[in-house]
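Q: Give me the fold of what follows.
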Amino acid sequence: MSARTIKSVLENFVTGGGTVVFSSHVMELVEGLCDRVAVVDSGKIVAAGTIEAVRGGRRLEDVFADLVGAAATDSAGLAWLRSSSA
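A: Okay, here's the model as predicted:
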């Protein structure tokens, strides 16, 4: 319930003319909460605009990965999840 309450407070703040700067790596959450987005890579804005303009008909997660140079299937960092007792 706390997430719903926070979302309601933020929406009321924006409706009253306020601006909220929200930072997240969870693009699904960004798509659900924000109407504009800026993608930052190494301290530089590499894309900015409305969600739809930046998405360009694609999933924001895919656009984000392309913009910051992350491989969508890069699992090397998750090697510790593999069982060593195979």
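
Q: Tell me where this protein has strands.
A: Ranges of strands within the chain are 36-41, 44-50, based on DSSP state E.

Q: Which among those strands is found nearest to residue 30?
A: strand 36-41 (6.0 Å; Cβ to Cβ). Yep, even glycine has a C-beta here, placed from its N, CA and C like the rest.

Q: what sits up against the closest one?
A: Contacting residues not belonging to strand 36-41 are listed as 30, 45-51, 54, 60, 63-64, 67-69 [Cβ atoms under 8 Å, 6 or more residues apart in numbering].

Q: May I ask which two of those are separated the most?
A: The distance between the two most remote of the contacts of strand 36-41 (Cβ to Cβ) is 23.3 Å, for 50 and 69.

Q: which one of the strands of the chain is the most hemmed in?
A: Most buried of the strands of the chain by mean neighbour count (mean count of other Cβ atoms under 10 Å) is strand 36-41; its value is a mean of 15.

Q: Hey, what's the angle from it to strand 44-50? Just curious.
A: With axes from the mean of the first three to the mean of the last three Cα atoms, to 10 degrees defining the directions, strand 36-41 sits at 160 degrees from strand 44-50.

Q: How about residues contacting the longest helix that the chain contains?
A: For the chain, the longest helix by residue count, based on DSSP state H, is helix 2-15. If you take Cβ under 8 Å, 6+ apart as the criterion, helix 2-15 is touched by 20, 33.

Q: Can I get that helix in CSV, CA atoms only?
A: C-alpha atoms of helix 2-15 as CSV (Å, rounded to 0.1, in the frame of the first residue of the first chain):
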residue,chain,number,x,y,z
SER,A,2,2.9,2.4,0.6
ALA,A,3,3.8,2.4,-3.1
ARG,A,4,0.3,3.2,-4.0
THR,A,5,0.2,6.0,-1.5
ILE,A,6,3.5,7.5,-2.7
LYS,A,7,2.3,7.3,-6.3
SER,A,8,-0.9,9.2,-5.3
VAL,A,9,1.1,11.9,-3.5
LEU,A,10,3.3,12.4,-6.5
GLU,A,11,0.4,12.5,-8.9
ASN,A,12,-1.3,15.1,-6.7
PHE,A,13,1.9,17.2,-6.5
VAL,A,14,2.3,17.1,-10.3
THR,A,15,-1.4,17.9,-10.8
